[in-house]
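Undergrad: Predicted coordinates and the sequence they were generated for:
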Amino acid sequence: MWEDNLPLMEFSYNNGYQSTIRMALFEALYERKCRTRCARVYLDEALIIGNKMIQETTKTIRRIREHIQVT
């Protein structure tokens, strides 16, 4: 369940802007912006998988926000 989303949450955290250091953690560590395979589309099938991943991510973010509001 929630364990399946940990890599995505870690990726989001590491690539999110941190106001204290004025850059993403990944950028601070590696001195470059993160590039992912998600941005590359080679086949129509990859585009479909990418769209599904975006939809699942959006749903997950909504659930996380709901849980945060409840707590």
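TA: Cool, got the structure.

Undergrad: the strands in this protein, which residues?
TA: 17-18, 23-24 (DSSP state E).

Undergrad: Thr57 and Leu8 touch, don't they?
TA: Yes - using C-beta atoms under 8 Å, Thr57 is in contact with Leu8, at 6.4 Å. To be clear about C-beta, it is placed using only N, CA and C from the backbone, and glycine gets the same treatment.

Undergrad: just for the protein, where's the confidence low?
TA: Counting by pLDDT under 70, the chain shows low-confidence ranges at 1-2, 36-51.

Undergrad: Geometric centre of it: which residue is closest?
TA: Central residue of the chain (C-alpha atoms, centre = their mean): Ser12, 3.7 Å from the mean position.

Undergrad: which ones are touching that residue?
TA: Listed by C-beta atoms under 8 Å, 6 or more residues apart in numbering, Ser12 has no contact partners.

Undergrad: ok, the nearest residue to Glu27 once chain neighbours are set aside to Asn14 distance?
TA: Counting by C-beta to C-beta, 6 or more residues apart in numbering, Lys33 is the residue found nearest to Glu27 once chain neighbours are left out, at 5.6 Å. Counting by C-beta to C-beta, to the nearest Å, the gap from Lys33 to Asn14 is 12 Å.

Undergrad: do the same with Met23
TA: Distance, Met23 to Asn14, using C-beta to C-beta: 11 Å.

Undergrad: Lys33 contacts Ala24, correct?
TA: Yes - assessed by C-beta under 8 Å, Lys33 is found in contact with Ala24 at 7.4 Å.

Undergrad: care to break this protein down by domain?
TA: The chain resolves into domains spanning 1-35, 39-71 when parsed by automatic domain parsing.

Undergrad: rewinding a little: which one's more surrounded, Lys33 and Ala24?
TA: Higher neighbour count among Lys33 and Ala24: Ala24, with 17 against 10, using other C-beta atoms under 10 Å.

Undergrad: Sounds good, over and out.
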